[in-house]
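[1] Generate coordinates for the sequence data below:
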Amino acid sequence: MFQSPGFNKITWVETPNQNKRPVGAVVDTIVLHHTAQDSLRTTAEFFAKESSKVSAHFCIGKDGSIVQFLSTFDRAWHAGVSTDAYGRKGVNDFSIGIEIDNIGDGKEPFTEPQLRALDNLIAFLLFRFPTIKQITSHEFVAEPQGRKNDPKNFPWERLKHFGLPLNYGLKVKK
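    From the prediction side, this is the model:
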């Protein structure tokens, strides 16, 4: 039975929905999502099912608990058909996906424990992967534009201190 590990602690729930990154792929992007689920447990159970055909590397619960589903060296299935700010397609190949437990209605706030745990997780990932050059939203990378809106109403200003480009919202057409 699933149990949240507690603030800023990580538990492992294996997902079958993963594969190897392409040879030579460099992890340089973090993609943020909202779960559109009602709990961390629901998301963990969903990602553990092969039939869901979806995963992320991490999910952060409302209490700041963190679930890891696969190695960051492997490819999670979180961004789908996607193109990043640099015009690169197949964002799953070079990104780490982080889900944040939130129903996604734009009204439910992201909690302070979630945001603190996210901050800590991103800091760790930047240490582990100094190649990371952007943090982006699923909404920004999803193709076609408008297919996704997550993480809806996320407080992006909370991440400015990392000094990385923050790409979110819809892409501006050139």
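[2] Is there a neighbour count for the closest residue to residue 102 other than its chain neighbours? I'd like the number.
    Nearest residue to residue 102, sequence neighbours excluded (C-beta to C-beta, 6 or more residues apart in numbering): residue 34, at 4.1 Å. Backbone N, C-alpha and C define where each C-beta goes, glycine included. Counted with other C-beta atoms under 10 Å, the neighbours of residue 34 add up to 25.
[3] and residue 34, backbone torsions?
    The phi/psi pair for residue 34 (degrees, to the nearest 10) reads phi -110, psi 150.
[4] for it, what are its contacts?
    99, 100, 101, 102, 103, 104, 150, 151, 152, 154 (C-beta atoms under 8 Å, 6 or more residues apart in numbering).
[5] mind listing which of those are in helices?
    The helices, defined by DSSP state H, take in nothing from those.
[6] By neighbours, which of these wins?
    residue 99 leads the contacts of residue 34 on contacts (other C-beta under 10 Å) with 31 neighbours.
[7] check which helix or strand covers the closest residue to that one other than its chain neighbours.
    Among residues not flanking residue 99 along the chain, residue 59 sits closest, at 4.1 Å (C-beta to C-beta, 6+ apart). Per DSSP states H and E: residue 59 is located in strand 58-60.
[8] Determine the set of other helices and strands touching that strand.
    Counting contacts by 3 or more C-beta pairs under 8 Å, 6 or more residues apart in numbering; DSSP states H and E, strand 58-60 is packed against helix 40-47, strand 66-68, strand 95-100, helix 112-128.
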